[in-house]
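K.L.:
Coordinates for the following, if possible.
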Amino acid sequence: MAMRATSALPRGPASAKTRSRRCRKVTCAAGGSEETRGPPGGALAAGAVAVGATLYVVTKLGNGVDLDTLASTSTPLEVASTNGKPSVVEFYADWCEVCKELAPQVYEVEQEYGDRVNFVLLNIENNKWAPEVSAFRVDGVPHFVFLDGEGTDRGEAIGKLPRNVLEGNVQALAENRKDLPFTKVTGATSSLADAPVSNSNPSPRDHS
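P.N.:
The predicted structure follows:
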């Protein structure tokens, strides 16, 4: 039930100050619902907070993805080898600055094509992947290998790739095309010779 002012409103024109005070105190019935009039500052502040939160989330998900996150969510090689989907295999290292720089770009392409193409990350510091590192002659990272659904090597690209190169090849894989638009493309890499020397034996991630 709508509440109404208990005192009669004064006759004649009211000052701006009186009208402002009255709008804060009087609840008006409009269309059977209650509406309290007052300054919109609270709503504006809430809106600003919501917009700020949205921008933060978009920025975090878009450009804030790091290499660890990308690697931990990648498809295990043993799964990619048996599910019949084409695959992008990226050889990387934790110390690789180019790999870190490309991580957000790889993430964005994965979000678009991940339902049709496997994205596999193999850490070259993990001795488990020594046979693959040798087979594909990886001597600099990142090193991308593009495999069709049968596991056949359709092309490779090395180093810092323009987005159109990575996305063009991934799209071709998703469409089951035999020929990729970009093969043997080479950009700036982090050489294996630049790897930091460590006296300890690291424990790389299970599938990366």
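K.L.:
Report the helix or strand with the lowest average pLDDT across the chain.
P.N.:
Lowest on mean pLDDT, DSSP states H and E among the helices and strands of the chain sits strand 27-30, with a mean of 39.
K.L.:
Show the contacting residues for Leu121.
P.N.:
Counting by CB atoms under 8 Å, 6 or more residues apart in numbering, Leu121 makes contact with Leu70, Ala71, Ser74, Val89, Glu90, Tyr92, Ser208. Using the backbone N, CA and C atoms, a C-beta is placed for each residue, glycine as well.
K.L.:
can you check Gly84 too?
P.N.:
Gly149 are the contacts of Gly84 under CB under 8 Å, 6+ apart.
K.L.:
what's the answer for Thr183, then?
P.N.:
Counting by CB under 8 Å, 6+ apart, Thr183 touches Phe146, Arg154, Gly155, Glu156, Ala157, Asn169.
K.L.:
Go ahead and confirm the second one touches Pro181.
P.N.:
No - shown here, Arg154 and Pro181 do not form a contact pair, counting by CB atoms under 8 Å, at 11.0 Å.
K.L.:
out of these two, which sits in the busier spot?
P.N.:
Arg154 (17 against 14; other CB atoms under 10 Å).
K.L.:
Excluding chain neighbours, what is closest to that one?
P.N.:
Phe146 (4.9 Å; CB to CB, 6 or more residues apart in numbering).
K.L.:
Assess the claim that the one you found and Ile158 are in contact.
P.N.:
No - the criterion here is CB under 8 Å, and Phe146 misses it with Ile158 at 12.0 Å.
K.L.:
Any buried residues in stretch 144-157, and which?
P.N.:
Neighbour counts over stretch 144-157 (16 or more other CB atoms under 10 Å) mark Phe144, Val145, Phe146, Leu147, Asp148, Arg154, Gly155, Glu156, Ala157 as buried.
K.L.:
Ignoring the adjacent residues along the chain, who's closest to the second one?
P.N.:
When you say that, I think you mean Val145. Val89 (4.4 Å).
K.L.:
Past the helix or strand containing that neighbour, which element shows up next along the chain?
P.N.:
Assigned by DSSP states H and E, Val89 belongs to strand 87-92. Downstream of strand 87-92, the next assigned helix or strand under DSSP H and E is helix 97-113.
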